[in-house]
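Q: with the sequence up front, the predicted model follows.
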Amino acid sequence: MKIKALRGFKDWLPEDFSCYAHLIDKARQVLSLYGFKEVKLPILEKTELFVRSIGEVTDIVQKETYTFEDRNGELVTLRPEATAGMCRMFVEHGLFNRPKPLKLFTVGPMFRHERPQKGRLREFYQISVEFFGKLTPLMEAELIYLALQILNSPKKISPVLEVNSLGCADCRPAFREYLVKELSKVKSRLCEVCQQRLERNPLRILDCKKEGCKEVVKGLKPISEFWCEACRSHFSSLLKGLKELGVSYEQNPFLVRGLDYYQRTIFEIKVPGLGAQDTICAGGRYDGLVLELGGPPEINATGFAIGVERWALALFEEEKPAFLKPPFVFLALLGEKARLYGLKIAKSLREAGIPTEATYEEKSLKAQLKDANRLGVKLAIILGEDELEKGVATLRDMEKSMQEEVPLKELLEKVKSKCLS
RNA sequence: GAGGCUGUAGCUCAACUGGUAGAGCACCGGGCUGUGGCCCCGGGUGUUGCGGGUUCGAGCCCCGUCAGCCUCCCCA
């Protein structure tokens, strides 16, 4: 029986890898333009970190984490997202003492034990961007703009931005109370899942896709009516900022988040037509999280995460283009002496930064040129007994099908000049 | 976690009502022992996802299982 990859875990073959690497590279360029610094976080953390940050009663923590005891009997979890780890790092290393705002990001795999689907893997890559400090609504507007900039950097796509505010610790409880009160009256009209949510996580009912629940939700007062004065002006400043940046958005009063740590501004960026998993980026503000993890109370934070595989789906539909660059030179070597000499040529070409390929196999010239052709090189260097005796190499231009003899001493310079032109 | 659809070569797919697995591309070799792409010739590279069952006989039917996809759930 052949051993196969785990369910929901995917290999990245060279053509996949080059594509994802290209996207991440583009994202890094944009992020550095905005002053974000990259960090690396552990993939494995104490389970407690996610229970405290994401929330004990969230679906992610309750049924989607890879949690197990390590060899010392400690309960550990493969990170399902990066924000919790980022905040842990922020507090653990006293980064709150550094000049603020502090702009950080990280790229890497996340793990969630869900049922796999297109655009939903159990191991998937996120670009996770976080912003710590004393944050104004305009900073948030800029952060959202940054997310859109990244998404559009390799190629224009048509993302749809949805924004909402969840209110703060002062005003959200009133809304929650209202929800529970109103929805309890019509509990029987809600779906089974929502009836359970009513007790555990009532805000999520706003997000339910069932028609019956949607109907009920429509009759409710929107969260905006419960915002306190501070939340209200915060949100309107944010919208002003977005308008100033020329960002079009949809205000979705039913938008909520599955992670408990969010407060006030939240947003989601979707790409219609991707199927059920059409959210390629989501984020929001999580002011209380740093405090919850033992940091100082005055630190605000906001951020977002981009799902790299989903982003790629949005950009390239079905087929991912290959971003692999072909080598520039192929050495076709005939005879043992030539092959030995070829080692030196390849070495010096590569030292000069010229991508070079050679196989050192005992193969016919025909076969070697075939290899060269398949690799898509511009130049083939043919070296056999004849050339060695004359102290030259045959330099063949594979596109023009023209060739010339070049003295071995001038070979490197000649190839270099071809490489530049 | 729930329901559904699917699973044949590296890839895309074919094989009548059950009769013993084939085509294109790719790959390898040759035509051409020192000149690639085009062309021609040759090569099938397979535990029909896996395990059982029914049957004289299973790629096809049944059961289980694994995986992918779709919807739900959830979310990036």
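A: Looks like it came in fine.
Q: straight-line length of stretch A:252-262, end to end?
A: Using CA to CA, to the nearest Å, the end-to-end distance of stretch A:252-262 comes to 16 Å.
Q: same check on stretch A:361-379?
A: Terminal residues of stretch A:361-379 lie 19 Å apart, using CA to CA.
Q: so which residues on the stretch 151-300 of chain A come close to RNA strand B?
A: Within reach of RNA strand B by CB under 7 Å from any atom of the strand, the stretch 151-300 of chain A has these residues: A:193, A:197, A:204, A:207-210, A:257-259, A:268, A:275-277, A:279-282. All C-beta spots, glycine's among them, are computed from the backbone N, C-alpha and C.
Q: mind running it again at 6 Å?
A: Residues of the stretch 151-300 of chain A lying near RNA strand B by CB under 6 Å from any atom of the strand: A:193, A:204, A:208-210, A:258-259, A:275-277, A:279-282.
Q: filter those down to the ones in strands?
A: Secondary structure assignment (DSSP state E) places A:279-282 from those within strands.
Q: for residue A:74, state which of the residues of the stretch 151-300 of chain A next to RNA strand B is nearest.
A: residue A:259 (23.7 Å; CB to CB).
Q: which non-adjacent residue is nearest that closest one?
A: Using CB to CB, 6 or more residues apart in numbering and skipping residues adjacent in sequence, the residue nearest residue A:259 is residue A:54, 4.9 Å away.
Q: and if you look at residue A:21?
A: Excluding the flanking residues, the one nearest residue A:21 by CB to CB, 6+ apart is residue A:323, at 7.3 Å.
Q: distance-wise, check the one you found relative to RNA strand B.
A: The gap separating residue A:323 from RNA strand B is 20 Å, by CB to the nearest atom of the strand, to the nearest Å.
Q: surely that residue is in a helix?
A: No: if the criterion is DSSP: H, G, I helix; E, B strand; the rest coil, then residue A:323 is coil and not within a helix.
Q: name the helices or strands packed onto the longest helix anywhere in chain A?
A: If you go by DSSP state H, chain A has its longest helix at helix A:14-33. If you count contacts as 3 or more CB pairs under 8 Å, 6 or more residues apart in numbering; DSSP states H and E, helix A:14-33 packs onto strand A:102-111, strand A:123-133, helix A:137-152, helix A:308-316.
Q: give me the contact list for it.
A: A:12, A:38, A:105, A:107, A:125, A:127, A:129, A:146, A:149-150, A:153-154, A:306, A:308-309, A:311-312, A:315-316, A:320-324 (CB atoms under 8 Å, 6 or more residues apart in numbering).
Q: let's see it at 7 Å
A: Here helix A:14-33 makes contact (CB atoms under 7 Å, 6 or more residues apart in numbering) with A:12, A:38, A:105, A:107, A:125, A:127, A:129, A:149-150, A:153-154, A:308, A:311-312, A:320-324.
Q: repeat that for stretch A:207-218.
A: For stretch A:207-218, using CB under 7 Å, 6+ apart, the contacting residues are A:186, A:189-191, A:194, A:205-206, A:254, A:256.
Q: of those - the most surrounded one?
A: Highest neighbour count within those, by other CB atoms under 10 Å: residue A:205, with 25 neighbours.
Q: how near is the residue nearest to that one when sequence neighbours are not counted to residue A:53?
A: With sequence-adjacent residues excluded and distances taken as CB to CB, 6+ apart, residue A:205 is closest to residue A:194, at 4.7 Å. Distance, residue A:194 to residue A:53, using CB to CB, to the nearest Å: 25 Å.
Q: of the contacts of helix A:14-33, grab the buried ones for PyMOL.
A: To isolate the buried members of the contacts of helix A:14-33 in PyMOL, using 16 or more other CB atoms under 10 Å:
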select buried, chain A and resi 105+107+125+127+129+149+150+153+154+308+311+312+320+323
